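A.B. asks: Sequence first, then the predicted structure, then my questions.
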Amino acid sequence: MTGFTAPKGTFDTLPPDSAAFLAVRDALTAPLRRAGYGYVETPVFEDTALFARGVGESTDVVSKEMYTFTDRGGRSLTLRPELTAGLMRAFIEHKLYAGQLPVKLYAVGSNFRYERPQAGRYRHFTQVDMEALGVDDPALDAEVVALGVEGFRKLGLTNFELQLTSLGDANCRPQYREKLQEFLAGLDLDEETRRRAAINPLRVLDDKRPEVAAQLTDAPLMVDHLCDGCQQHYDEVREHLRNLGVHWIETPKLVRGLDYYTKTTYEFVHNGLGAQSAIGGGGRYDGLSKELGGPDVSGIGYAVGIDRTLLALRAEGLIGEPPAKVRAFVVPLGDEARRRGMRLLTELRDEDVPADFAFGGKSLKGAMKAADRSGARYAIVLGERDLAEGTAQLKDLTTAEQRAVPLTDLARTVKELLS
RNA sequence: GUGGCUGUAGCUCAGUUGGCAGAGCACCGGGUUGUGGUCCCGGGUGUCGUGGGUUCAAAUCCCAUCAGUCACCCCA
């Protein structure tokens, strides 16, 4: 077998299922457009160092999951493992911070991580990413979180929850981190976990293995060690969320795998997906802009997985039949009719009537079958007899009623019938 | 990266103690040359994931490998 297949951990999205993909993408971005977020397109690859510094050297994403390569000019480039770093790079490079703040941006696109594939986890996946940059205002945190919830709600999802916590900032996290490390040092952990505790102790809190989780019940929590500023910020965020009617679950052990998060941190978790249950997640990041050579401004945003959201919709039985591709279908009989029929096809499309044609020299029976399967409401049968009279047979495929219509009026007639 | 399970037609799957590759659905053609959905007739569309091994004989047993899947890890 020498045939090609999609690379490991990747998949194709084909019609008719791809219609649901587009619908999800549009539903998740519509709330952003209504809230004044502007679309950004950035390269699929960036300087490797951008991710190393932006996402964090200690993260799994950077240390073992990146698709990195050297181009012919000797540059080290990496296929983006997430969208935030590229968005921040563009924000800084084009000095968007010099204008009115916050700068509200969103992006949609492919991401790549070299991971072991699993349900809901792929090496190529698509995210919607949004960022509100340059302002540190709890009300903005609330807007961002609420927009994420709205996207899922508009799709009809109900079996998901918003998990929320605060990760503190440069004032309080270092002390807490030390306290946590002391606590972890007293536990019975395997070597791999010990190493994780040394590099990023917060990550250990998230461990799902029962023998580890059991030891963590009395672990010190970041939310109990917030400095006054972070505490006030978190209180205000929650007050705004209550005001907006957004429900959340306090999740003090929630940790994000990317290093840049501070203060408000959250995840959208769906309950019908198995292990890969996060359909979206994000938070505030105080130091990212500065870390990447920009001004010392804060930002907040989230990323939502389109593929996982699609799985969530499927889990809730919310994916219906895709709409018909065309509304009219032209069936020609004979060579002269084929030529006139092709022009008719163009006339229909010029009237904004999605239309298709019986290609492939099908028999009348086969052509009618094709018309039926296309989902079209109307079939237009065009034979020599009709042609001689300057008409075509317009057949309503739902009622089987058929009548002759002058060819010159046909496209307009179909358009009117459909409107 | 670690561990478990699974790979047979486009899809869902059956295939007995090793003995000529099957079903349903889908698809294609036809039912006297101008009408679809229902019905009838016909058609298998396949490197049994791949490569080795055992055997007179392998979809079936063994090894390797690739892929999928589930959990860990990680995360969207």
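C.D. replies: Perfect, thanks for sending it. Every value quoted in this text rests on a predicted model; they were computed, and no experiment measured them.
A.B. asks: Please count neighbours and contacts with C-alpha atoms only from this point.
C.D. replies: Will do.
A.B. asks: Indicate the residue of the stretch 1-150 of chain A located nearest to RNA strand B.
C.D. replies: Nearest residue of the stretch 1-150 of chain A to RNA strand B: A:Ala119, at 2.7 Å (Cα to the nearest atom of the strand).
A.B. asks: For beta bridges, what are the partners of the nearest residue in space to A:Ala278 that is not next to it in sequence?
C.D. replies: Distances taken as Cα to Cα, 6 or more residues apart in numbering put A:Val269 closest to A:Ala278, at 4.4 Å, once the chain neighbours are dropped. In this entry, A:Val269 is beta-bridged to A:Glu161, A:Ala278, by DSSP bridges.
A.B. asks: Do you know the pLDDT at A:Val269?
C.D. replies: What the model reports as pLDDT for A:Val269 is 95.
A.B. asks: which residues sit in contact with the residue of the stretch 1-150 of chain A closest to RNA strand B?
C.D. replies: By Cα atoms under 8 Å, 6 or more residues apart in numbering, A:Ala119 lies in contact with A:274-276.
A.B. asks: quick one on the thing from earlier: separation between the residue nearest to A:Ala278 and A:Glu316?
C.D. replies: 14 Å (Cα to Cα, to the nearest Å).
A.B. asks: what's the neighbour count on the residue nearest to A:Ala278?
C.D. replies: By other Cα atoms under 10 Å, 19 other residues sit near A:Val269.
A.B. asks: is it true that it touches A:Gly280?
C.D. replies: Yes. Using Cα atoms under 8 Å, A:Val269 is in contact with A:Gly280, at 7.1 Å.
A.B. asks: Return the set of buried residues in the helix or strand harbouring A:Arg339.
C.D. replies: Following DSSP states H and E, one finds A:Arg339 within helix A:335-350. For helix A:335-350, a neighbour-count test (16 or more other Cα atoms under 10 Å) marks A:337-338, A:341-342, A:344-349 as buried.
A.B. asks: Please see if that helix touches RNA strand B.
C.D. replies: No. Taking Cα under 7 Å from any atom of the strand as the criterion, helix A:335-350 and RNA strand B are apart, separated by no less than 9.5 Å.
A.B. asks: Can you tell me what sits against that helix?
C.D. replies: Contacts for helix A:335-350 (Cα under 8 Å, 6+ apart): A:330-332, A:354-357, A:382-384, A:387, A:411-412, A:414-415.
A.B. asks: shaky segments in the stretch 51-200 of chain A?
C.D. replies: Along the stretch 51-200 of chain A, no part satisfies pLDDT under 70.
A.B. asks: Enumerate the residues of it near RNA strand B.
C.D. replies: By the criterion of Cα under 7 Å from any atom of the strand, the positions of the stretch 51-200 of chain A lying close to RNA strand B are A:59-61, A:113, A:115-127, A:196.
A.B. asks: which of those are buried?
C.D. replies: The neighbour-count criterion (16+ other Cα under 10 Å) marks A:59, A:61, A:113, A:115, A:120-127 among those as buried.
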